[in-house]
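Participant: Please find the sequence and the predicted model below.
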Amino acid sequence: MAQACPINFTTADNTVSRIVSLLATGMVALFFVTGAQPWLYALGADLLVRLYGNKQYSPLYQLAAALKRLMHLATQKVDGAAKSVAGHFGLLFVLLMIAAASFGLQAMLVAVAAVYVVCLLMDVIFNFCVGCKVYYLYRLIFREE
């Protein structure tokens, strides 16, 4: 099965997406270094803007696009629906981290953050988007005939 969605024909710039993943990893690291929850709130707000608003207003997207231009990196288009699903998983991770931090559940916070950062770094380093693969498996299992 081709890795494409027949309903959503949007594409996303994978280069920018991978830079955003690196920046998000940095924000999670800043949260753990400083202990300041606003880093998680900012990351969650940025995800909300990218997923439900206009990504052009997302600070992380803007910074990633500027870094891409500055470093003269090539554009690599990928399925936008898969990246959207991955973004929703990311939002879930951030919301779980915010809840765990708010209720003092340190073990849960570290576990969720570790899984989220591993997923982000797999995208950055290996160009392997876990959320995208889950989306494609879902499409393969539940495809309409």
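Facilitator: Okay, I see it. Fair warning: this is a prediction, and the values are worked out from it, not measured in the lab. Residues are numbered from 1 along each chain as shown.
Participant: Which residues does the helix or strand in which A86 is found contact?
Facilitator: Assessed by DSSP states H and E, A86 sits inside helix 80-102. With Cβ atoms under 8 Å, 6 or more residues apart in numbering as the test, helix 80-102 has contacts from 3, 5, 7-8, 10-12, 14, 17, 24, 28, 31, 37, 40-41, 43-44, 47-48, 50-51, 105-106, 108-109, 112-113, 115-116, 119-120, 123, 129-132, 134-136. Using the backbone N, CA and C atoms, a C-beta is placed for each residue, glycine as well.
Participant: What mean pLDDT does that helix get?
Facilitator: What helix 80-102 shows for mean pLDDT is 95.
Participant: Report the buried residues of that helix.
Facilitator: Neighbour counts over helix 80-102 (16 or more other Cβ atoms under 10 Å) mark 80-87, 89-91, 93-94, 96-98, 100-101 as buried.
Participant: other SSEs contacting the helix or strand following that helix?
Facilitator: Of the helices and strands lying after helix 80-102 in sequence (DSSP H and E), the nearest is helix 106-126. Here helix 106-126 touches helix 14-34, helix 80-102, helix 130-141, going by 3 or more Cβ pairs under 8 Å, 6 or more residues apart in numbering; DSSP states H and E.
Participant: got the angle for the second one vs helix 106-126?
Facilitator: Right, the one you point to is helix 80-102. Between the axes of helix 80-102 and helix 106-126, defined by axes from the mean of the first three to the mean of the last three Cα atoms, to 10 degrees, the angle is 150 degrees.
Participant: so helix 80-102 versus helix 14-34, what angle?
Facilitator: 0 degrees.
Participant: going forward, begin numbering at 669 instead of 1
Facilitator: Taking 669 as the first residue, the last one we looked at is helix 748-770.
Participant: Pull the distance from helix 748-770 to the chain's centre.
Facilitator: Distance of helix 748-770 from its chain centroid, counting by Cα atoms, centre = their mean, to the nearest Å, is 7 Å.
Participant: Work out which residue lies at the spatial centre of this protein.
Facilitator: For the chain, the residue sitting closest to the mean C-alpha position, by Cα atoms, centre = their mean, is G755 at 4.4 Å.
Participant: How about the backbone phi and psi for the closest residue to G748 other than its chain neighbours?
Facilitator: Excluding its sequence neighbours, the residue lying closest to G748 (Cβ to Cβ, 6 or more residues apart in numbering) is T678, at 3.3 Å. Dihedral pair for T678: phi -80, psi 160, per degrees, to the nearest 10.
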